[in-house]
Structure formats: C-alpha cells, structure tokens
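1. Could you look at this predicted model? Sequence included:
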Amino acid sequence: MSTGGALPLRDVHLPPFPPLWPLPLGWWLVLGTVAVVLAGCWAWRAQRRRRRQRWLTLFDTRLADADGPAAEVAAIAELLRRAARHRQPGAELLDGAAWLAFLDPPGSRAFSGAAGTLLLDGMYRAQVDPTEVATLRALARERFLDLMVGGR
C-alpha cells in the first residue's frame, strides 16, 4: 500500500475566542431580569416604608387632636381597635382580659399590667396621670404599627 507521498497536513488553528463585548443576547436578558428584580425589590421596600410612615402619621395626628389625657386614652383605644380589626376581623369585639391578651405582643405581657388597666378604663377617669398616658402612648404606638403593618 503506497501512500503516494506525504499528506498535505497543516497545523490546527483554533478560531479566535468570542469577544467579551458586546454581550450575547442571553447575557442581556440575564442583566435585564436582574435589573427588573432589583427595581421590584426597591419599589416594594419603598412602598412598605411609605405605608409604615402613613400609619405612624395617622397615629400621631389622632393623638395630637385629643383634648386631654382621657381623650388621648380614648383615641389610643379607638386606634388599637381599628388595628385589631385590620389584623383579625372580629378582634375588635374582645373586651377585658381577652382584649388585653390580644394586644400583648407574642412573648410579652405589656398590656396586661398597668398600661392595660389604663387602656380599659382611663377614658372614664376624671383624672389621668400624663406620665402613665405617655407610657401607654409609646407602647400602643409600637403595637398599633405591628398590627397594621403585619395585618393581612
């Protein structure tokens, strides 16, 4: 078997690597998807922040409109009832110890003490201590926000 001479073989030349720029279509789609997801996350967080601020503003303006400590306690009770209804329909119908137990944050008994008794009957008292109302206001403001933001 005769080969009839040497075969004309040449060196193997690999094609050049594809350039990094411009990016292929698939990478543009990945970058676009990542940008849309990041923009959605940012918009969601901004919306949550605005809603939280709106609830705090509502709470503060309602209490600022109160004429005295007893009226302020009544406004706090009304706002907490509204927040309870927002979180769990029918919860605004609770009263007494059941209402205070509902208001207690998980793992806490904050409303079951003096703040709770002030909340239950403070609006009917002739004299209400403003320092007790300030303590109740701080506690109720945080719980109001928890109920409104965490609801539904």
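-> Looks like it arrived, so ask away.
2. So in this structure, where's the weakest helix or strand by average pLDDT?
-> Taking mean pLDDT, DSSP states H and E as the measure, helix 114-121 is the helix or strand of the chain with the lowest mean score, a mean of 87.
3. Helices of this structure, start to end?
-> In order along the chain, the chain carries the following helices (DSSP state H): 25-64, 69-87, 96-103, 114-121, 130-150.
4. can I get the ones you listed in CSV with mean neighbour count and distance to V12?
-> Backbone N, C-alpha and C define where each C-beta goes, glycine included. Conversion of those to CSV gives the following (neighbours: other C-beta atoms under 10 Å; distance: least, C-beta to C-beta, whole Å):
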stretch, mean neighbour count, distance to V12
helix 25-64, 11, 29
helix 69-87, 20, 72
helix 96-103, 16, 79
helix 114-121, 18, 84
helix 130-150, 17, 66
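5. how about the ones you listed in a markdown table, adding distance to G5?
-> Putting the helices of the chain into a markdown table (distance: least, C-beta to C-beta, whole Å) gives the following:
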| stretch | distance to G5 |
| --- | --- |
| helix 25-64 | 48 |
| helix 69-87 | 92 |
| helix 96-103 | 99 |
| helix 114-121 | 105 |
| helix 130-150 | 87 |
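6. chain center to stretch 77-97: distance?
-> 20 Å (C-alpha atoms, centre = their mean, to the nearest Å).
7. Just the residues contacting it, thanks.
-> Stretch 77-97 is contacted from outside by 58-59, 62, 102-103, 112, 119-120, 123, 140, 143-144, 147-148, 150-152, using C-beta atoms under 8 Å, 6 or more residues apart in numbering.
8. Just the CA atoms of it, as CSV, please.
-> Taking C-alpha atoms only, stretch 77-97 is exported to CSV below (Å, rounded to 0.1, in the frame of the first residue of the first chain):
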residue,chain,number,x,y,z
ALA,A,77,-58.2,52.6,72.4
GLU,A,78,-60.0,53.5,69.1
LEU,A,79,-56.8,53.2,67.0
LEU,A,80,-55.9,49.9,68.6
ARG,A,81,-59.5,48.6,67.9
ARG,A,82,-59.1,49.6,64.3
ALA,A,83,-55.7,47.9,64.1
ALA,A,84,-57.1,44.8,65.7
ARG,A,85,-59.9,44.7,63.1
HIS,A,86,-57.4,45.1,60.4
ARG,A,87,-55.3,42.2,61.7
GLN,A,88,-58.1,39.8,62.6
PRO,A,89,-61.7,40.5,61.8
GLY,A,90,-63.8,40.2,65.0
ALA,A,91,-60.9,41.0,67.3
GLU,A,92,-62.4,44.5,68.0
LEU,A,93,-65.2,42.8,69.8
LEU,A,94,-63.0,41.4,72.5
ASP,A,95,-63.1,43.1,75.9
GLY,A,96,-61.4,43.0,79.3
ALA,A,97,-58.7,40.4,79.8
